[in-house]
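> what's the 3D shape of this:
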Amino acid sequence: MPAFERIMRISTQYLLGCLFLLITFSALPVFAQTADTHIKQGDIFYRQFDNVSALASYKRALEMQPGDFECLSKVVRAYNDIGEDLSSEESEQYYEQAVQYAERLQQMFPDRAKSYYQLAVSYGNLALLRGSKEKVKLSSSVEKNIRRALAMNPDYADAYAVLGIYYKEVASLNGFLKTFARLFFGDLPEGTYDDALKAFRKAIKLKTTRPVYTYFLIGRTYEEMDEPEKAKQAYLKAVGFPNTDHRDHAVKERARNRLRSL
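Model (predicted):
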């Protein structure tokens with residue numbers, strides 16, 4: 001083969017190789033940008049309280065970036081939010097998905113407080129739709145994970161709200177369920193209405209992202225303590241906050257109903 005032809009063939013192969021590398025590496029930023037675009041679109045839907053559309057966007061992004069912490073965390077949140085929006089038996093399938101993704105989040109990111117918080121919230125939501133005994137079992141997982149989150153981040157406002165819910169539920173257990181809990185766990189974790197109120201107030205002090213719901217829970221706790229006037233004050237605070245969460249409109253309506261009944 002003449003030297004000129006050999007040079008031309010080598011040059012052609014070199015140019016094709018460079019072109020292949022250029023196409024390959026130039027595609028990577030586009031891929032990342034596409035996932036980022038889906039996340040940003042999901043965030044827009046989330047702020048509009050359109051959780052179904054938000055979930056679809058987050059899941060598309062997660063397919064592209066399966067190891068992304070924030071994206072996976074937002075998928076868990078969206079599943080929980082949709083379940084809360086439905087507030088029916090249909091919610092269970094969304095809470096089950098939330099638990100699956102939250103367990104994946106905790107396994108992939110065991111050094112993040114948010115991983116344990118998300119898992120506690122998912123277990124807690126699922127517990128609401130289960131029978132009494134199953135609820136007690138799931139509550140143990142809620143308590144374990146929320147304490148882990150607070151151990152890693154003592155100023156985690158939203159985690160204190162979840163801890164308050166746990167205390168409130170433990171305090172309201174009837175004698176049969178307390179006996180079952182002792183048999184199943186060997187002991188019953190401590191939890192009183194006063195403990196619940198302290199946790200809720202801590203969440204408020206640390207600027208929880210869900211002040212409306214937290215004040216509503218304070219009101220419900222005071223009602224169970226047979227202190228209607230303090231309950232009224234909490235409900236009034238709940239309805240006085242601007243809506244910042246997808247549940248706020250419904251929670252405020254519940255608070256107004258409680259005010260009318262007291």
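
> can you pull out the strands in the stretch 1-150 of the chain?
Using DSSP state E, counting those that start in this stretch, the stretch 1-150 of the chain contains no strands.

> run through it and note the low-pLDDT ranges.
Low-confidence segments of the stretch 1-150 of the chain (pLDDT under 70): 1-33.

> I'd like the distance between the closest residue to residue 119 other than its chain neighbours and residue 171.
Leaving out its chain neighbours, the residue that sits closest to residue 119 by Cβ to Cβ, 6 or more residues apart in numbering is residue 102, at 4.2 Å. The way it works is simple: take the backbone N, C-alpha and C, and place the C-beta from them, glycine included. Distance, residue 102 to residue 171, using Cβ to Cβ, to the nearest Å: 26 Å.

> restricting to C-alpha, output stretch 55-73 in CSV.
In CSV, the C-alpha atoms belonging to stretch 55-73 read as follows (Å, rounded to 0.1, in the frame of the first residue of the first chain):
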residue,chain,number,x,y,z
LEU,A,55,-43.9,12.1,41.0
ALA,A,56,-43.9,11.4,37.3
SER,A,57,-41.2,14.0,36.7
TYR,A,58,-39.1,12.7,39.7
LYS,A,59,-39.3,9.1,38.5
ARG,A,60,-38.1,10.0,35.0
ALA,A,61,-35.2,11.8,36.6
LEU,A,62,-34.5,8.8,38.8
GLU,A,63,-34.3,6.5,35.8
MET,A,64,-31.5,8.6,34.5
GLN,A,65,-29.8,9.2,37.9
PRO,A,66,-30.6,6.2,40.0
GLY,A,67,-28.0,7.0,42.6
ASP,A,68,-29.0,10.6,43.2
PHE,A,69,-29.9,11.3,46.8
GLU,A,70,-32.2,14.3,46.4
CYS,A,71,-34.1,12.7,43.4
LEU,A,72,-34.7,9.5,45.3
SER,A,73,-35.8,11.4,48.4
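
> buried residues in that stretch, which are they?
Within stretch 55-73, the residues that qualify as buried by neighbour count (16 or more other Cβ atoms under 10 Å) are 55-62, 65, 68, 71-73.

> cool, and stretch 248-262?
For stretch 248-262, a neighbour-count test (16+ other Cβ under 10 Å) marks 248, 251, 252, 254, 255, 258 as buried.

> tell me which other helices or strands the helix or strand hosting residue 215 touches.
Counting by DSSP states H and E, the element that carries residue 215 is helix 211-224. Helices and strands in packing contact with helix 211-224 are listed as helix 157-171, helix 193-205, helix 228-240, helix 248-261; criterion 3 or more Cβ pairs under 8 Å, 6 or more residues apart in numbering; DSSP states H and E.

> please repeat the previous calculation with a cut-off of 6 Å.
Using 3 or more Cβ pairs under 6 Å, 6 or more residues apart in numbering; DSSP states H and E as the contact test, the elements touching helix 211-224 are helix 193-205, helix 228-240, helix 248-261.

> let's have the ones you listed in CSV, adding distance to residue 86 and mean pLDDT.
Output for the helices and strands packed on helix 211-224, formatted as CSV (distance: least, Cβ to Cβ, whole Å; pLDDT from 0 to 100):
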stretch, distance to residue 86, mean pLDDT
helix 193-205, 25, 97
helix 228-240, 22, 97
helix 248-261, 11, 96
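
> out of the ones you listed, nearest to residue 36?
helix 248-261 (28.6 Å; Cβ to Cβ).

> what does the closest one contact?
With contact meaning Cβ atoms under 6 Å, 6 or more residues apart in numbering, helix 248-261 is reached by 212, 213, 216, 235, 238, 239.

> what's the burial count for the closest residue to residue 215 other than its chain neighbours?
Take residue 215 and drop its neighbours on the chain: the residue closest to it by Cβ to Cβ, 6+ apart is residue 238, 3.8 Å away. By the criterion of other Cβ atoms under 10 Å, residue 238 has 25 neighbours.
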